[in-house]
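*Asks:* generate coordinates for the sequence data below:
(2 chains)
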Amino acid sequence: MADQAREADVLKFPGEELEELDELHRFFGRLSRREKWPDRLTNDLLLCCEELLTNTILYGYPDGRTPRSIELQVAAGPDSVTVTLSDDAMPYNPLQRSDPDVTLGVEDRPIGGLGVYFVKQIMDEVRYEQTGTGNRLVLRKSFVRTGGEQA
Amino acid sequence: MNITTNEHGDITVMAIEGRLDGQHAQAAEQAFLALAAQEGKNRFVLDFAQMAYISSAGLRVVLVAAKKVKAAQGRLVCAGMNDQVRDVFEMSGFISILETAANREEAIAMLQG
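*Replies:* As a prediction, this is how the structure comes out:
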């Protein structure tokens, strides 16, 4: 596990509308500049968080209940990043979804089902836990700094 | 996200600027479908040169567009992808099932050829 001496950065979402994704992009933009992350790492983290967050906002609260509590924690280490997404949504393990067939052509390709697949492809480790109040996903991504960047 | 549309003869270029993600995908899909509904339009370029980022919600729009164009026996070329967009096209396999071009001009030339 990466060195996590620094306290994790936290972003909380009301979890009610997709406009909240703006905040996700601002949050990772700030972290990326501070940590001097390579662009690809920032984009990978953004993509994985968007995919999971979007699913939770759209499908996690089928009863339409509010308020909701969705929290993103990011622990930035020197050579890896650990992201924890916690929510109080309906219990659901997205990792159980079967992978899509990415060789199918345009006509046969079903719409959707790629988001969780991207998370599994991109991350080095993905762990799901059902919590007392909802769900927690812990994602870890290792990276190599190119050039002379120092965190 | 901003969408601008240009006509080059009977080729329609739809340029998407900004993020094609869960927040903006629906607006982009509606914009494309409105274009595709116009009489005789079935050759399209999706110009991504100013598109910073795409997610699976954005790919959904591209796939809906590709299915629509295929059904109309037309062609669709995706042009000007940055590294992030290319990564996502590769992971999804879209890079192998869609026509792509380095930029808008190349895409138009492909469709005119």
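*Asks:* residue in chain A nearest to chain B?
*Replies:* A:Val102 (3.4 Å; C-beta to the nearest C-beta). The C-beta positions use only the backbone N, C-alpha and C, and glycine is treated the same way.
*Asks:* quick one: residues contacting that residue.
*Replies:* In this structure, A:Val102 makes contact with A:Leu114, A:Tyr117, B:Met91, B:Ser92, B:Gly93, judged by C-beta atoms under 8 Å, 6 or more residues apart in numbering or on different chains.
*Asks:* quick check: of these, which lies closest to A:Gln73?
*Replies:* A:Tyr117 (23.5 Å; C-beta to C-beta).
*Asks:* quick check: the closest one touching A:Pro100?
*Replies:* Yes: with contacts counted by C-beta atoms under 8 Å, A:Tyr117 reaches A:Pro100, the gap being 5.6 Å.
*Asks:* need the phi and psi values for the residue sitting furthest away from the middle of chain A.
*Replies:* Farthest-out residue of chain A from its mean C-alpha position, per C-alpha atoms, centre = their mean: A:Glu107, at 29.9 Å. When quoted as degrees, to the nearest 10, the phi and psi of A:Glu107 stand at phi -70, psi -30.
*Asks:* pLDDT at A:Gly148, what is it?
*Replies:* Model confidence at A:Gly148, given as pLDDT, is 55.
*Asks:* and what of A:Glu7?
*Replies:* The model reports A:Glu7 with a pLDDT of 85.
*Asks:* and for it, the neighbour number?
*Replies:* Taking other C-beta atoms under 10 Å in any protein chain shown as the neighbour definition, A:Glu7 ends up with a count of 8.
*Asks:* is it located within a helix, as I assumed?
*Replies:* No: with DSSP: H, G, I helix; E, B strand; the rest coil as the criterion, A:Glu7 is assigned coil and is not in a helix.
*Asks:* so which of the contacts of A:Val102 are in strands?
*Replies:* Cross-referencing these with the strands (criterion: DSSP state E) gives no overlap at all.
*Asks:* of these - the most surrounded one?
*Replies:* A:Leu114 (26 neighbours).
*Asks:* contact partners for that residue?
*Replies:* Residues counted as contacts of A:Leu114 (C-beta under 8 Å, 6+ apart) are A:Pro100, A:Val102, B:Ser56, B:Leu59, B:Met91, B:Ser92.
*Asks:* is the residue of chain A closest to chain B in a helix, a strand, or coil?
*Replies:* State at A:Val102, reduced to three classes by three-state DSSP: coil.
*Asks:* what is the burial count for the residue nearest to A:Met90 when sequence neighbours are not counted?
*Replies:* In space, and not counting its chain neighbours, A:Met90 is closest to A:Gly60: 5.7 Å by C-beta to C-beta, 6 or more residues apart in numbering or on different chains. Around A:Gly60 sit 21 other residues, with neighbours defined as other C-beta under 10 Å.
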